[in-house]
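Trainee: give me the fold of what follows.
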Amino acid sequence: MYMYYGNPGATGASNGEATFEFFDDFHDGTLDKWKYLTGASVVTDNTQPSQFGAYAMDLNASTGSGYAKCNTDLMQDAAIRVLMKDLGTGPSGSPDADGVAGLRGTDSNTYDGILVEHDTDMGFHFDIGAVGIVPGDYITFDVWEWQEFAAYGTIPSHHQAKHWVHGDIEPSTYSLSATSVSVITPGLPFLRVYSGQAHISVVAVRKYISPEPTVNFGEESEQVAADFSAQPTMGEAPLIVQFRDGSSGDINSWSWSFGDGAGSSSQHPSHTYQNEGIYTVTLTVSGDGGTGTRVKRNIIIVEAVAIAPRLSVRNLNATPTYAQPRQAVTISADVVNEGGTWGSQTVNLMVNGYLEQSVGVGVSPGTANPISFTVYRVEPREYQVTIGEAIATFYVMEEAEPSALQHGGLIAGDEPGTNGVIAIICIAIIILGGITAIFLMTTHRA
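Mentor: Below you'll find the predicted structure:
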């Protein structure tokens with residue numbers, strides 16, 4: 001295919017500089033192949049795929065645009081492929097990088113051309129120079145992702161883009177197509193971020209025509225492409241998941257990694273996930289058609305077994321235990337949840353078998369909520385209070401009988417009033433007078 005790319009000096013796919021019109025994997029730790037650098041530097045990023053080395057371009061713009069343009073010839077019909085990671089470290093309101101692949105930029109220190117964005121607010125879309133969007137197709141932060149943008153001629157539908165996570169199967173078609181294009185003149189391939197930060201591991205630019213040619217060289221083994229499905233993908237532990245191989249090509253071996261340390265060499269294995277967690281599953285297939293790998297990140301979600309709420313009533317009390325008629329009696333208790341999830345219930349207060357009051361109460365697991373009621377009773381007797389299976393008792397006492405001094409204003413159990421005090425004084429005087437009279441009479445007779 002070197003004739004199609006227009007580089008007869010290419011010696012193989014690994015010879016990137018010769019195979020492509022422009023290629024940089026930053027293996028030398030420099031930006032010598034770039035110009036008009038704004039917010040661009042070289043960093044070490046050990047999270048990138050090992051085959052691309054340790055260095056990456058850091059494109060960082062805390063506000064405004066950061067960009068870098070390829071030091072190459074102007075191109076109108078080209079495809080740019082970028083391996084990038086959005087760090088999601090932009091300012092509030094714009095946390096993502098908003099970029100990164102662009103074509104047809106002018107040979108100047110200016111942000112222009114046609115740019116494809118994969119962001120968190122609009123989805124996958126053209127930002128400048130063209131119009132088109134795949135709404136809801138949002139980027140995931142801190143994941144190495146391939147982006148490819150291809151532009152040909154002036155027809156909008158020949159300006160297309162796609163993206164996929166590194167390690168996944170590259171889509172065979174472009175998901176994003178332009179509905180209009182305003183920049184049609186030749187220009188430079190470029191990278192750009194806006195109010196965000198991204199790391200770029202690989203940039204490759206090639207010639208492009210639409211549609212691209214295909215070549216058949218007689219009968220060959222069908223190329224391997226790995227794929228699979230899983231059912232169910234979510235549930236409580238232990239979760240039994242049935243995996244089905246959906247790969248294509250000449251395949252004779254399967255290697256599964258279920259993400260929990262277990263694996264299988266069966267074509268359609270079943271696996272039981274014992275523990276709560278989120279698991280990434282990988283299938284590698286091989287045969288006469290080569291080797292292919294399919295990675296589905298976070299595909300299996302295993303939830304902990306939910307323990308139902310278990311509510312009960314504790315510490316039921318009636319205060320006071322002995323009450324006067326019409327005196328307020330406070331009924332108190334604790335509603336306890338010994339289950340594993342939040343629960344609620346209606347608490348019914350029964351007095352001597354009759355419903356007195358009701359209240360709704362919700363309780364978090366492992367906690368207790370206090371409740372209280374106030375009741376009044378007149379009839380002297382014993383009263384039994386129940387809430388569920390909890391029982392308490394209180395008594396209403398007989399009212400005290402009036403004392404002999406009631407008419408003088410003094411009743412047993414009361415403090416003397418004014419009339420009571422006068423009555424006591426009068427009685428005392430009468431008694432004292434009688435004693436004095438008796439004493440005088442006795443003295444006179446003597």
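Trainee: wait, I128 sits on D112?
Mentor: Yes - I128 lies in contact with D112 (Cβ atoms under 8 Å); the separation is 7.1 Å. No exception for glycine: its C-beta is placed from N, CA and C like everyone else's.
Trainee: which neighbours do these two share?
Mentor: Common contact partners of I128 and D112 (Cβ atoms under 8 Å, 6 or more residues apart in numbering): V183.
Trainee: can you list the low-confidence ranges for the chain?
Mentor: 1-19, 92-93, 213-222, 400-424, 426, 428, 432-446 (pLDDT under 70).
Trainee: the top strand by length along it packs against which elements?
Mentor: For the chain, the longest strand by residue count, based on DSSP state E, is strand 188-207. In this structure, strand 188-207 packs against helix 2-5, strand 22-24, strand 55-70, strand 78-86, strand 101-105, with contacts taken as 3 or more Cβ pairs under 8 Å, 6 or more residues apart in numbering; DSSP states H and E.
Trainee: give the partner strands of the longest one in its sheet and their orientations.
Mentor: In this case it means strand 55-70. Paired neighbours of strand 55-70 in the sheet (DSSP bridges): strand 34-38 (antiparallel), strand 40-44 (antiparallel), strand 188-207 (antiparallel).
Trainee: the spatially closest residue to G187 that is not a sequence neighbour: neighbouring residues, count only.
Mentor: Excluding the flanking residues, the one nearest G187 by Cβ to Cβ, 6 or more residues apart in numbering is R104, at 3.5 Å. R104: 25 surrounding residues under other Cβ atoms under 10 Å.
Trainee: equivalent analysis for the one 5 residues further on, please.
Mentor: Other residues lying near N109 total 11 when counted by other Cβ under 10 Å.
Trainee: may I have the phi/psi pair for P156?
Mentor: Dihedral angles of P156 (phi, psi; degrees, to the nearest 10) stand at phi -60, psi -40.
Trainee: please identify the deepest-packed of the helices and strands packed on strand 188-207.
Mentor: By mean neighbour count, with neighbours taken as mean count of other Cβ atoms under 10 Å, strand 101-105 ranks first of the helices and strands packed on strand 188-207 at a mean of 28.
Trainee: show me what the helix or strand following it is packed up against.
Mentor: Tracing the chain past strand 101-105, the next element assigned as helix or strand by DSSP states H and E is strand 114-118. Strand 114-118 is packed against strand 101-105, strand 123-128, strand 144-151, strand 159-165, with contacts defined by 3+ Cβ pairs under 8 Å, 6+ apart.
Trainee: got TSV for the ones you listed, with distance to Y55 too?
Mentor: TSV is the format used below for the helices and strands packed on strand 114-118 (distance: least, Cβ to Cβ, whole Å):
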stretch	distance to Y55
strand 101-105	19
strand 123-128	27
strand 144-151	14
strand 159-165	21
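Trainee: of the ones you listed, which approaches G340 most closely?
Mentor: strand 159-165 (36.1 Å; Cβ to Cβ).
Trainee: from S270, how far off is the closest residue to A150 other than its chain neighbours?
Mentor: Once flanking residues are discounted, A150 sits nearest to A79: 3.9 Å by Cβ to Cβ, 6+ apart. For A79, the distance to S270 (Cβ to Cβ, to the nearest Å) stands at 42 Å.
Trainee: ok, S312 next?
Mentor: S312 sits 41 Å away from S270, going by Cβ to Cβ.
Trainee: repeat for G153
Mentor: Counting by Cβ to Cβ, the gap from G153 to S270 is 51 Å.
Trainee: got it, and S253?
Mentor: On the measure of Cβ to Cβ, S253 and S270 end up 19 Å apart.
Trainee: and what of D112?
Mentor: D112 sits 55 Å away from S270, taking Cβ to Cβ as the criterion.
Trainee: between those two, which one's more packed in?
Mentor: D112 (19 against 11).
Trainee: give me phi/psi at the more buried one?
Mentor: The phi/psi pair for D112 (degrees, to the nearest 10) is phi -160, psi -170.
Trainee: break this structure into its domains for me.
Mentor: 2-207, 228-303, 311-396, 407-445 (automatic domain parsing).
Trainee: list the beta-bridge partners for I371.
Mentor: Here I371, judged by DSSP bridges, has bridge partners A333.
Trainee: need the contact list for it.
Mentor: Contact partners of I371, counting by Cβ under 8 Å, 6+ apart, are 332-335, 347, 359, 361.
Trainee: so which of the helices and strands packed on strand 188-207 gets nearest G187?
Mentor: Closest among those, once you apply Cβ to Cβ, is strand 101-105, at 3.5 Å.
Trainee: ok, and what's touching the closest one?
Mentor: Against strand 101-105 from outside (Cβ under 8 Å, 6+ apart): 67, 69, 75-76, 78, 80-82, 111-116, 129, 147-149, 151, 161, 183-192.
Trainee: ranges for the helices of the stretch 251-400 of the chain?
Mentor: Under the criterion DSSP state H, counting those that start in this stretch, the stretch 251-400 of the chain carries no helices.
Trainee: all strands for it, in order.
Mentor: 253-257, 263-264, 270-273, 277-287, 290-303, 311-319, 322-323, 329-337, 343-351, 354-363, 368-375, 381-387, 390-396 (DSSP state E, counting those that start in this stretch).
Trainee: partners of the longest one in the sheet?
Mentor: Right, the one you point to is strand 290-303. By DSSP bridges, strand 290-303 pairs with strand 234-236 (parallel), strand 277-287 (antiparallel).
Trainee: redo the ones you listed as TSV? Include distance to I133 and mean neighbour count.
Mentor: Converted to TSV, those look like this (distance: least, Cβ to Cβ, whole Å; neighbours: other Cβ atoms under 10 Å):
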stretch	distance to I133	mean neighbour count
strand 234-236	30	13
strand 277-287	29	19
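Trainee: now for those strands, which one comes closest to I307?
Mentor: Nearest of those (Cβ to Cβ): strand 234-236, 11.1 Å.
Trainee: sorry, back to before: most tightly packed of the helices and strands packed on strand 114-118?
Mentor: Of all the helices and strands packed on strand 114-118, strand 101-105 has the most neighbours on average by mean count of other Cβ under 10 Å, namely a mean of 28.
Trainee: quick revisit: save the strands paired with strand 290-303 as TSV, and put in distance to D168 too.
Mentor: Output for the strands paired with strand 290-303, formatted as TSV (distance: least, Cβ to Cβ, whole Å):
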stretch	distance to D168
strand 234-236	21
strand 277-287	11
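Trainee: out of those strands, flag the one nearest D245.
Mentor: Nearest to D245 among the strands paired with strand 290-303 is strand 277-287; the distance by Cβ to Cβ comes to 7.0 Å.
Trainee: between the closest one and strand 253-257, how big is the angle?
Mentor: 170 degrees (axes from the mean of the first three to the mean of the last three Cα atoms, to 10 degrees).
Trainee: how far does strand 277-287 sit from the chain's center?
Mentor: How far strand 277-287 lies from its chain's middle: 24 Å, per Cα atoms, centre = their mean, to the nearest Å.
Trainee: what's the burial count for I425?
Mentor: When neighbours are defined as other Cβ under 10 Å, I425 has 10 of them.
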